[in-house]
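Engineer: predicted model follows, preceded by the sequence.
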Amino acid sequence: MVRGPSPARGAPPHDAPERPLDEDAPEWPVDERERARRVAGRLRDAEVPDPDTDARLLVRHASPEGLAELVARREAREPLQLILGAVGFRYSDLEVRPGVFIPRPETEVLAGEAIERVGEGAVVVEPCTGSGAVAIAVATESPAGAVHATDSSPHAVDLARRNAAAVGAEISVREGDLLSPLPSALLGRVDVLVANPPYVATAEVAGLEPEVADWDPRDALVSGPTGHEVTDRLIAQGRRWLAPEGWLLLEVAAPRAEATARRAEAAGYEAVGVIEDLTGRERIVRARLRR
């Protein structure tokens, strides 16, 4: 989905909670399942979503000696992906770092919708790439001829390049705002423009889970006062960069999906629709540029 004014996109958040240290590491049970049960109880007390799954993954990842520190970090609502240092996204394992937006499972649907629309030799562009997850999925799962990704954060650009190299994905990653870093030769030649841009309205940040509000870069999350600011720019820019009948695919906030679709239709796109994510929420807007 996915992504304001401080800190700079990709910079580590200043308001992230400090990691508490467990001075007296507990005696963990020898049995792995019993360790996971005990960890799950602590995570449940800390109101961590899905404590059982997180507990199993932490127990598998850490030695009994190192488990207490990792559990304390998760109790403080540090994202599990950052604690483990990696995230699975479709068919790739990707590195994640503090200060770069963490890809979530719902965005796998966005990647799948892009892949379905990629023909042989197609040109695909993903602005706001973050870790590079969507661009890498497209490059490794479709017959695209060229995949270009951009991000305004140098931290994100570096990470996306590292992830692409690690999985052997051939993508070009450029630093800059949305489509501005792209070569002008791509004007009117992009077949699929796919993005999980910032789409949270400023007033909505307080209602986000701590794993998102305290750890994802603020300007990877917040679009502005309305939540439409960045998607409106992409709708407008898509008309210049997309080829005739090229596709625009945007992950958006569920409450604004229908409004974003109407904005795309008003801008002259056709075949406009809304696609649900893995949880059944309206999350992706699709639109095709008229011939």
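Structural biologist: That came through, no problem.

Engineer: pass me the low-pLDDT residue ranges in the chain, would you?
Structural biologist: The chain contains residues with pLDDT under 70 at 1-26, 29-30.

Engineer: and the helices in the stretch 1-150 of the chain?
Structural biologist: 32-45, 51-61, 67-75, 80-84, 107-116, 133-141 (DSSP state H, counting those that start in this stretch).

Engineer: just the CA trace of the first one, in PDB.
Structural biologist: Output in PDB follows, covering the C-alpha atoms of helix 32-45 (Å, rounded to 0.1, in the frame of the first residue of the first chain):
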ATOM      1  CA  GLU A  32      11.100 -25.200  20.500                       C
ATOM      2  CA  ARG A  33       7.300 -25.400  20.600                       C
ATOM      3  CA  GLU A  34       7.300 -24.500  24.300                       C
ATOM      4  CA  ARG A  35       9.600 -21.600  23.700                       C
ATOM      5  CA  ALA A  36       7.300 -20.300  20.900                       C
ATOM      6  CA  ARG A  37       4.300 -20.700  23.200                       C
ATOM      7  CA  ARG A  38       6.000 -18.600  25.900                       C
ATOM      8  CA  VAL A  39       7.100 -15.900  23.500                       C
ATOM      9  CA  ALA A  40       3.600 -15.800  22.000                       C
ATOM     10  CA  GLY A  41       2.200 -15.000  25.400                       C
ATOM     11  CA  ARG A  42       4.600 -12.100  25.900                       C
ATOM     12  CA  LEU A  43       3.800 -10.700  22.500                       C
ATOM     13  CA  ARG A  44       0.100 -11.100  23.100                       C
ATOM     14  CA  ASP A  45       0.500  -9.100  26.300                       C
END
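
Engineer: quick one: contacts for residue 279?
Structural biologist: Taking CB atoms under 8 Å, 6 or more residues apart in numbering, we find residue 279 in contact with residue 106. C-beta: built from backbone N, CA, C; applies to glycine.

Engineer: sorry, back to before: and of the helices of the stretch 1-150 of the chain, who's closest to residue 270?
Structural biologist: helix 107-116 (16.5 Å; CB to CB).

Engineer: coming back round to it: TSV for the helices of the stretch 1-150 of the chain, including mean neighbour count and distance to residue 287?
Structural biologist: As requested, the helices of the stretch 1-150 of the chain are exported to TSV (neighbours: other CB atoms under 10 Å; distance: least, CB to CB, whole Å):
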stretch	mean neighbour count	distance to residue 287
helix 32-45	17	41
helix 51-61	18	35
helix 67-75	21	39
helix 80-84	20	31
helix 107-116	21	12
helix 133-141	26	17
